[in-house]
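Novice: Just need the structure, nothing else, for what follows:
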Amino acid sequence: MSTPHAQVIQARRNPSAPGAYIVTIKCPLCTDPHTHGVPSLEELRAGTGHRVAHCTHRRDWGGYVVDPYDGPVMGAVMRRA
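Specialist: Numbers count the residues shown, from 1 in each chain. Now for the predicted structure:
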């Protein structure tokens, strides 16, 4: 079985960890929003690449991968190259 992917619906700077971000995703299992920390803008843009599991609806579930995100980030001024 392939690993499901979670779509980022919001990203914002993490006020307690400079350079890190907090993302809100739409859970591919229950469709509820869940939040995850992302250590850098590069990882936010590339996707986490590893499984995360914050859904309590199915504890036996293997998790999901957070998709890459290239949208706006709250609390940040984004510059495009």
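Novice: Using CSV, write out every CA atom in the strand ranked longest in the chain.
Specialist: Identified as the longest strand of the chain according to DSSP state E is strand 5-13. Extracted in CSV, the C-alpha atoms of strand 5-13 (Å, rounded to 0.1, in the frame of the first residue of the first chain):
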residue,chain,number,x,y,z
HIS,A,5,-0.2,12.4,0.9
ALA,A,6,-1.5,15.3,3.0
GLN,A,7,-2.2,18.7,1.4
VAL,A,8,-1.0,21.8,3.2
ILE,A,9,-3.8,24.3,3.6
GLN,A,10,-1.9,27.0,5.6
ALA,A,11,1.7,27.8,6.5
ARG,A,12,2.9,30.3,9.1
ARG,A,13,6.2,31.2,10.8
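Novice: Let me see the mean pLDDT of it.
Specialist: For strand 5-13, the mean per-residue pLDDT is 90.
Novice: helix or strand for the residue nearest in space to the middle of the chain, which one?
Specialist: Residue closest to the average C-alpha location in the chain (Cα atoms, centre = their mean): Val23, at 4.3 Å. Secondary structure from DSSP states H and E places Val23 in strand 21-26.
Novice: Need the residues that contact that strand.
Specialist: The contact list for strand 21-26 (Cβ atoms under 8 Å, 6 or more residues apart in numbering) reads 6-14, 32-38, 40-41, 44, 66, 69, 73. To be clear about C-beta, it is placed using only N, CA and C from the backbone, and glycine gets the same treatment.
Novice: quick check, distance from stretch 63-75 to the centre of its chain.
Specialist: Averaging C-alpha positions (Cα atoms, centre = their mean, to the nearest Å) puts stretch 63-75 5 Å from its chain's average.
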